[in-house]
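1. Pasted the sequence and its predicted model underneath.
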Amino acid sequence: MTRPAKRRAPGRSTVASPPVSASVTTAATTGTPSLVERLGYRPDDRVLIVNCDDLGLSHAATVGTYQALRDGMATSASLMVPCPWAREAASHYRGEDVGVHLTLNAEFDRYRWGPITQAPSLLDGDGGFPRTVTDLWDHADLDEVRRELRAQVERAILWGFDVSHLDSHMGTLQMRPEFFDVYLDLAVDFCLPLRLSGQSTERALGFPFRSLARAEGVVFTDHFVRVRGVGSRRVIERTIADLRPGVTELYLHPAADTPEQRAIDPDWAGRVDDYHLATFDAELPALLRRLGVHLIGYRPLRDLMRSG
């Protein structure tokens, strides 16, 4: 795979990078084509990725995600490699647009999973990943983080997934510069697009992660619609009518309604509602057609990135 000619020094903190205002450039200021134009659309076209997070979290999540991809409006999904049901998800893969949901947290009390490598600093007291992002940040050894996340991507490839992109479970890798370095290095090494939050998050966090990714040749969407917790219906319905030109990603957490999902997940009802929204709702796809919104997965972004 072709890599950018210039790489950052491994482990270098991104905090010392130039401020956002000094490094952010746009098509309007440089005269270069925008992402949507590079993908073959018009500058004012609205292009949408509908991603299903947490494939492999549970059997119910696998059922819900694949049905949303095959019969519904979903265009992409993200696999949680360390989860107990991830191998089962791999057995049902038929070439769909699936990325890796890089995972360093296990947020449930009654359902636990942990690292696939030997990584003591990534374990909490009961043998799984930490439940909270803060706990992970406070105790994780970055070398163990790098080995673990690389192993997750490599395992997904070994299982036969044609990996389309990388994103971060609970946003753990994007919000701290030292963890973002690992996230960005993986994108460069595997030549894969990243899920990145928008410029407002960049300003709030205080380091220019979008500019750093752009400088490495990493492709990412223009806009990202963040949902707090699980259950995306209200956010999606509110967002669709006001989609901006460019490429936008929104995401859901679909899962079938099963005793298993109810037992392990306090937010099971939101996941079941996402499943129905992504798979059976007829009004939302009709609205997208009326608005002229183009639906794509992450593969066009990956192909663009790999074409140089």
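-> In hand now; what should we look at? Numbers count the residues shown, from 1 in each chain.

2. Gly56: what's it in contact with?
-> Thr62, Leu79, Met80, Val81, Cys83, Trp85, Ala86, Arg87, Glu88, Ala89, Ala90 (Cβ atoms under 8 Å, 6 or more residues apart in numbering). In this view, the C-beta of every residue, glycine as well, is placed from N, C-alpha and C.

3. Now for His139, how many residues are close by?
-> Counted with other Cβ atoms under 10 Å, residues neighbouring His139 total 13.

4. distance of the nearest residue to it once chain neighbours are set aside from Cys191?
-> Leaving aside its sequence neighbours, His139 sits nearest to Ser121 (Cβ to Cβ, 6 or more residues apart in numbering; 5.6 Å). The gap separating Ser121 from Cys191 is 28 Å, by Cβ to Cβ, to the nearest Å.

5. got it, and Pro120?
-> Remark: distance between Pro120 and Cys191 (Cβ to Cβ) = 31 Å.

6. Looking at those two, which one has more neighbours?
-> Neighbours per residue (other Cβ under 10 Å) separate Pro120 from Cys191, with Cys191 holding more: 17 against 9.

7. Sketch out the helices for the stretch 201-308 of the chain, chain order is fine.
-> Here the stretch 201-308 of the chain has its helices, by DSSP state H, counting those that start in this stretch, at 209-215, 233-240, 259-264, 268-279, 283-291, 299-306.

8. and those, which is most packed in?
-> helix 268-279 (a mean of 22; mean count of other Cβ atoms under 10 Å).

9. Out of the contacts of Gly56, which is nearest to Thr172?
-> Met80 (12.6 Å; Cβ to Cβ).

10. quick one: which of the contacts of Gly56 sit in strands?
-> Leu79 (DSSP state E).

11. Now list the buried members of the contacts of Gly56.
-> Thr62, Leu79, Met80, Val81, Cys83, Trp85, Ala86, Ala89, Ala90 (16 or more other Cβ atoms under 10 Å).

12. among those, which two are most distant?
-> Pairwise distances among the buried ones among the contacts of Gly56 were taken by Cβ to Cβ; the largest, 13.0 Å, belongs to Thr62 and Val81.

13. Strands of the protein, residue ranges please.
-> For the chain, the strands defined by DSSP E cover 46-55, 76-79, 98-102, 166-168, 223-224, 246-252, 294-295.

14. need those in JSON lines with mean pLDDT and distance to Phe207, can you?
-> Shown next, in JSON lines, are these (pLDDT from 0 to 100; distance: least, Cβ to Cβ, whole Å):
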{"stretch": "strand 46-55", "mean pLDDT": "97", "distance to Phe207": "24"}
{"stretch": "strand 76-79", "mean pLDDT": "98", "distance to Phe207": "24"}
{"stretch": "strand 98-102", "mean pLDDT": "98", "distance to Phe207": "19"}
{"stretch": "strand 166-168", "mean pLDDT": "98", "distance to Phe207": "15"}
{"stretch": "strand 223-224", "mean pLDDT": "94", "distance to Phe207": "17"}
{"stretch": "strand 246-252", "mean pLDDT": "95", "distance to Phe207": "21"}
{"stretch": "strand 294-295", "mean pLDDT": "97", "distance to Phe207": "32"}
